[in-house]
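Participant: Need coordinates for the below:
(chains A and B)
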Amino acid sequence: EDQVTQSPEALRLQEGESSSLNCSYTVSGLRGLFWYRQDPGKGPEFLFTLYSAGEEKEKERLKATLTKKESFLHITAPKPEDSATYLCAVDNYGQNFVFGPGTRLSVLP
Amino acid sequence: EAGVTQSPTHLIKTRGQQATLRCSPISGHTSVYWYQQALGLGLQFLLWYDEGEERNRGNFPPRFSGRQFPNYSSELNVNALELEDSALYLCASSEGFNTEAFFGQGTRLTVV
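Facilitator: As a prediction, the model looks like this:
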């Protein structure tokens, strides 16, 4: 069965303290891996798509990377407004998007 | 460009009633996905529609059903509501399958 796990479950950082979030996946076939940000009570906001091992994408303080078994979301010098739940999802060739449980990030001023 | 829109924003129903949730995809998007997100839990896949056809279904009972209209908008129906159906229901759309999906803000369904 296709499975996506994320770690840590929750992460508290001081403003400016860089860190990484992990997304590990076990799928029969990977067409793409997606990162989303979700604020409480809101719909997920699309961040990145990664398609092949070695690929990297950047957006402001965020950088996503992909290997054959996992993806990392690196957050450089985070600000309080980066506080949210970060979700990763995999596209297993059109069956559906399988989401991980998310990492709750809190950035303290 | 308008994003994915969902209505209503909030819905309160009594156990045993039926709920209808609506979703309008981004213009040009033909695929619509429905997810359930119960409080504190992850996104659980419900249904996927593409070009008017149901393409895949998650592990939910038959009282969860839906359809996609010719204009690609979609409706999710939940019959015989149970208390545990209370959740945020999220709709997402994509240009086709296997491309990134964009989410609406969700419908908060509360069953009392």
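Participant: For stretch B:90-97, buried residues please.
Facilitator: Buried residues in stretch B:90-97, counted by 16 or more other CB atoms under 10 Å in any protein chain shown: B:Leu90, B:Cys91, B:Ala92, B:Ser93, B:Ser94, B:Phe97. Where C-beta positions appear, they are placed from N, C-alpha and C, glycine not excepted.
Participant: Which residue would be the closest one in chain B to chain A?
Facilitator: Proximity of chain B to chain A (CB to the nearest CB) peaks at B:Phe103, 3.7 Å away.
Participant: Quick check: the residue lying closest to that residue once chain neighbours are set aside vs B:Gly16, distance?
Facilitator: Excluding the flanking residues, the one nearest B:Phe103 by CB to CB, 6 or more residues apart in numbering or on different chains is A:Gly43, at 3.7 Å. Distance of A:Gly43 to B:Gly16, given as CB to CB, to the nearest Å: 28 Å.
Participant: same thing with B:Ser86?
Facilitator: Distance from B:Ser86 to B:Gly16, by CB to CB: 14 Å.
Participant: So which of those two has more stuff around it?
Facilitator: For B:Ser86 versus B:Gly16, neighbours defined as other CB atoms under 10 Å in any protein chain shown are more numerous around B:Ser86 (17 against 10).
Participant: so the more buried one touches B:Leu41, yeah?
Facilitator: No: counting by CB atoms under 8 Å, B:Ser86 does not reach B:Leu41; the two are 11.6 Å apart.
Participant: Which stretches in the chain count as strands?
Facilitator: In the absence of a named chain, this looks at chain A. Secondary structure of chain A (DSSP state E): strands located at A:3-7, A:10-14, A:19-26, A:32-38, A:45-50, A:56-59, A:62-66, A:70-75, A:84-91, A:97-99, A:103-108.
Participant: please go with chain B instead
Facilitator: Using DSSP E, the strands of chain B run over residues B:5-7, B:10-13, B:19-24, B:31-37, B:44-50, B:53-57, B:64-68, B:74-78, B:87-94, B:102-103, B:107-111.
Participant: and A:Leu47, which of those is closest to it?
Facilitator: strand B:102-103 (11.3 Å; CB to CB).
Participant: so how far is the closest one from its chain's centroid?
Facilitator: Offset of strand B:102-103 from its chain centre (CA atoms, centre = their mean, to the nearest Å): 11 Å.
Participant: ok, that strand: who's next to it in the sheet?
Facilitator: Strand B:102-103 sits in its sheet next to strand B:87-94 (antiparallel), going by DSSP bridges.
Participant: neighbouring contacts of the partner strand?
Facilitator: Residues from elsewhere that reach strand B:87-94, judged by CB atoms under 8 Å, 6 or more residues apart in numbering or on different chains: A:41, A:43-44, A:97, B:4, B:6, B:21, B:23, B:25-26, B:29, B:31-39, B:43, B:46, B:72, B:74, B:76, B:100-104, B:106-109.
Participant: Which positions in stretch B:14-30 come out as buried?
Facilitator: By 16+ other CB under 10 Å, the buried positions in stretch B:14-30 come out as B:Ala19, B:Leu21, B:Arg22, B:Cys23, B:Ser24, B:Pro25, B:Ile26, B:His29, B:Thr30.
Participant: can you list those in CSV and add distance to B:His10?
Facilitator: Converted to CSV, the buried residues of stretch B:14-30 look like this (distance: CB to CB, whole Å):
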residue, distance to B:His10
B:Ala19, 11
B:Leu21, 11
B:Arg22, 13
B:Cys23, 15
B:Ser24, 17
B:Pro25, 21
B:Ile26, 23
B:His29, 25
B:Thr30, 28
